[in-house]
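Peer 1: Just need the structure, nothing else, for what follows:
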Amino acid sequence: MLDEETLLDAFGNPLSSQNNGRSGDWDEVNAFCERVYMPYDVCALQRHAAPNARLQSLVNGRITLTCFGYGTPVHLSNFDPEAGNILVLTTLKGQIEHSTGGEHSAVTGVGESFVANCSQTDYWLNSDDEHVQLNLTIPHALVEQVALEWFKQSPGPRLWQSKVKFGGPQSSWMALLNYLLSSYATPLDENLRQRYVDHLEQGICLSLLQQWSAESGIDLSEPEPAADPLYLRRAEEHMRANCQAFPTVADVARGVGVSVRALSAAFKRYRQSSPGAFLREQRLQGARTRLLQPLPGDTVASIASDWGYVNFGYFAKLYRQRFHEAPSSTLSRHR
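Peer 2: Got it, this is the predicted structure:
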C-alpha cells in the first residue's frame, strides 16, 4: 500500500483524496504545503528549476497524511513554530537529509522515517530530485495529550527538541502506516468511524512516542525534571527583544536577576545549549528576516552591521552554515 507512485487501500485500489495530482506551479505547491504542513521557506537547489510536485493528502481525525514530492531538489527551513505541528516523514523514494542539531544531520532512505517537532525546535531538510515522502502532520497538543494519558506526564524539552531517524522497511512503524492507509477503505457508520479514528490517533501517537523516546535515549516511565525556571524564559525573551543591541551574557543575567553561572547552568540543563548560542541564533534570524524583507538601499554589509557583525566574511560563513546559502543569494531573491 505504500507505493512510490500511488497510495492503495486495503483492496489494492488507488485511494482518492482531497488532492491527487501533480503541479508545476510554485504558488500552487507552496499553498498546498502551507495548508497540510505549515508555513516554511523553500529554496530550489537548481537555478530556475520548476517543480513537478506530487500532491496527495488525506485527513484522519486530527492527523493529516500526505504523499508528496517536489520533483526537484530543494532545501526547506524556518518551519513556523506557531502552527504547533510535529512532522513525521517517511521516505518512499530517493533520499532526504534532515537536520538533527547544529551542523549534524541524518539521511533517510526508502522505508526510513524521521520525526521533528517544529513547534519546539528548528528543523531543515535537503531532498534530492527523486524524493517522494509519506508524511504525517500531527498537532503537538495531540501527542502531548496521549503522553499524559499513557505516561502521566508530558515529555520535557529533551524529547520535544530531539530530531531522530527511526523505523525501516520491515519495522512496526511501517506496518502501522500500512494499517492507517487500509482504514480509509473500511466502510463504517459515522459513530463507529469516530471511535475508530480515536483509536487510530491513540495508536499512532503512542507508537511515535515509544520509537521517538527509544531513539532519543529517554525513558518515558521516569519522571521528567522540574519545569524550566521562569528566569530562563525571561532571559530568552530579553535576548529576543534586545539581540540587535548585542548584549553580553552578564547583561542578560543582570536583567533577569540571576548570576551568569546560574543562567548558563539553566541553559545547559533545560536547553542543552548556552546563552551565547541562543543570542547568536537570534541575531542570525534577525539578519535573515531583514535580508528577506530589505529596505531601499540595503546591502549585505549594511544589514550585517545593523546586527552587530563587523567582520562580514565571518558573518557570511555563519549565515551559510545556518541557512545553507550565501546572504547575497537571500537578498538578491527578495529585491
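Peer 1: Figure out how far stretch 146-162 is from the centre of its chain.
Peer 2: Chain-centre distance of stretch 146-162: 17 Å, with C-alpha atoms, centre = their mean, to the nearest Å.
Peer 1: What are the boundaries of the strands in the stretch 1-150 of the chain?
Peer 2: For the stretch 1-150 of the chain, the strands defined by DSSP state E, counting those that start in this stretch cover 19-23, 41-44, 53-60, 63-69, 74-77, 85-93, 96-101, 104-108, 112-117, 125-127, 132-139.
Peer 1: Can you check which of the ones you listed gets nearest to V249?
Peer 2: Comparison of those against V249 by C-beta to C-beta identifies strand 96-101 as nearest, at 21.3 Å. In short, each C-beta sits where N, CA and C put it, glycine included.
Peer 1: Now for the residue most central in space within the chain: which residues touch it?
Peer 2: Centroid-nearest residue in the chain, with C-alpha atoms, centre = their mean: C118, separated by 3.6 Å. C118 sits next to 38, 79-81, 83, 85-87 when contact means C-beta atoms under 8 Å, 6 or more residues apart in numbering.
Peer 1: Serialize these to TSV and add fields for pLDDT.
Peer 2: Below are the contacts of C118 laid out as TSV (pLDDT from 0 to 100):
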residue	pLDDT
M38	95
F79	95
D80	93
P81	92
A83	94
N85	96
I86	97
L87	98
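Peer 1: With respect to V260, which of the residues you listed is nearest?
Peer 2: Nearest to V260 among the contacts of C118, with distances taken as C-beta to C-beta, is P81, at 27.7 Å.
Peer 1: Pull up the gap between L87 and Q285, please.
Peer 2: 20 Å (C-beta to C-beta, to the nearest Å).
Peer 1: And D27, by the same measure?
Peer 2: 25 Å.
Peer 1: who has more neighbours, the two?
Peer 2: Q285 (17 against 8; other C-beta atoms under 10 Å).
Peer 1: Could you check how many residues crowd around E34?
Peer 2: 13.
Peer 1: In space, what's closest to it - neighbours in sequence excluded?
Peer 2: Spatial nearest neighbour of E34, excluding adjacent residues (C-beta to C-beta, 6 or more residues apart in numbering): Y40 at 8.0 Å.
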